[in-house]
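> What follows is a predicted protein model with its sequence.
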Amino acid sequence: MIKVLIFTAIAIVSYLVGNINFAKIISWHRHRKDITKLGSGNPGTMNMMRNFGLGVALVTVLLEFAKTILCCVVSGLIMKGDGLYNFAYFFAGAFVVLGSVFPIGTKGGKGLACLAGVFMCSPLWYVGLGLFVLGFVVLYFVDFAFVPTLSFCILMTIGLTIYFSLVRVTYFWAIIVIIWLLLFLIIFQHRGNIKRFIRKEEKKLGFPQMVKKLFKKQKGVEQIDEDKVDTPPEAEIVIDENDKNQNQNS
C-alpha cells in the first residue's frame with residue numbers, strides 16, 4: 001500500500017513538473033513574445049531555434065533535460081531501497097513527458113526534449129551523450145530537425161530494450177513497455193513533420209547558417225543584414241552642356 005502511495009505521488013509530481021515549459025518561460029521573459037504564436041506554434045526547442053537562435057535553443061533543451069533528470073533520479077533514489085530504482089526512474093520520466101505533451105489548460109510541446117532527458121541519465125547515458133553530439137552533426141548536413149531527434153529516440157529505445165533484456169532488473173518488462181509507449185507517442189506527435197517530409201513540403205531549419213553565423217560572431221566579424229540597412233540613393237550626376245563645351249575647347 002505504501003508503494004502505491006509513493007508511486008502515485010511520483011506520478012503527480014512528475015506530471016506537474018512536466019507542465020513547466022521553459023520554451024514559453026524564456027520566450028516571454030527574455031523576448032516578450034509568445035512562442036505558441038511564432039513559427040510552427042510549437043513550444044519546443046526547434047521552434048525556439050528558428051525564432052531566437054541556437055544559443056537560446058540550447059539553454060531551453062538543457063533546462064528541459066534538467067527538470068526531467070531531476071524527477072527521474074530523485075524518484076529512482078526514493079525507491080532504490082526496494083530494488084526499484086530503474087522502474088521508478090522510467091516511471092517518473094513517463095509522467096514528465098505526459099505533462100509536457102498534455103499540460104493543464106495550455107498548449108503542450110511534442111515531448112521530445114523530455115524523452116531525450118530521460119535517456120540522457122539512463123544506464124546507457126554514455127550512448128545517449130554520444131548520439132546527442134552526433135545528432136548536431138547530422139542536423140548540420142540534413143537540416144531537418146526531426147530527423148536526428150527521432151533517430152536519437154529510436155536508437156536509444158532499441159539500445160535500452162536490449163540492455164534490460166540482458167540485465168533483467170526488477171520489472172524490466174514494464175520498463176521496456178514504458179519506453180516503447182513513449183517512443184510511439186513522440187512519433188505520433190511528429191506525424192505532421194513526417195507527412196510533410198514524405199511530400200517534400202517540410203521546411204528546413206537553417207541550422208548550417210546558424211552555426212556559420214555563430215562562428216563568425218566569435219571571430220569578431222560583424223554580421224550585417226543587407227535588408228535592414230538603409231542605403232541612400234546615389235546622387236544623380238548632371239552634366240552642363242556649356243561646361244562640356246568649355247572643357248572641349250580648352
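Sure, I can see it.

> How far does stretch 94-104 sit from its chain's centre?
15 Å (CA atoms, centre = their mean, to the nearest Å).

> all helices of this protein, in order?
Ranges of helices in the chain, per DSSP state H, are 2-18, 22-31, 45-52, 54-78, 85-101, 112-120, 125-142, 146-167, 172-189, 191-198, 207-218, 241-249.

> Kindly reformat the ones you listed as JSON lines containing mean neighbour count.
All C-beta spots, glycine's among them, are computed from the backbone N, C-alpha and C. Formatted as JSON lines, those follow (neighbours: other CB atoms under 10 Å):
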{"stretch": "helix 2-18", "mean neighbour count": "16"}
{"stretch": "helix 22-31", "mean neighbour count": "17"}
{"stretch": "helix 45-52", "mean neighbour count": "23"}
{"stretch": "helix 54-78", "mean neighbour count": "20"}
{"stretch": "helix 85-101", "mean neighbour count": "25"}
{"stretch": "helix 112-120", "mean neighbour count": "27"}
{"stretch": "helix 125-142", "mean neighbour count": "15"}
{"stretch": "helix 146-167", "mean neighbour count": "18"}
{"stretch": "helix 172-189", "mean neighbour count": "17"}
{"stretch": "helix 191-198", "mean neighbour count": "13"}
{"stretch": "helix 207-218", "mean neighbour count": "13"}
{"stretch": "helix 241-249", "mean neighbour count": "8"}
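
> I'd like to know which of these lies nearest to residue 38.
Closest of the helices of the chain to residue 38 is helix 45-52, at 4.8 Å (criterion: CB to CB).

> tell me what the closest one is packed against?
helix 22-31, helix 54-78 (3 or more CB pairs under 8 Å, 6 or more residues apart in numbering; DSSP states H and E).

> tell me the mean pLDDT over the shortest one?
The pLDDT scores in helix 22-31 average 90.

> May I have that helix as CSV, with CA atoms only?
Coordinates of each C-alpha in helix 22-31 appear next as CSV, following Å, rounded to 0.1, in the frame of the first residue of the first chain:
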residue,chain,number,x,y,z
PHE,A,22,10.9,26.5,-20.5
ALA,A,23,10.3,27.5,-24.1
LYS,A,24,7.3,29.5,-23.0
ILE,A,25,9.1,31.0,-20.0
ILE,A,26,12.2,32.0,-21.9
SER,A,27,10.5,33.4,-24.9
TRP,A,28,8.2,35.6,-22.8
HIS,A,29,10.6,36.8,-20.1
ARG,A,30,13.5,37.4,-22.4
HIS,A,31,11.9,38.4,-25.6
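
> Give me the contacts around it.
Applying CB atoms under 8 Å, 6 or more residues apart in numbering, the contact partners of helix 22-31 are 33-36, 38, 43-45, 47-48, 51-52, 56, 59-60, 63-64, 67, 106, 109.
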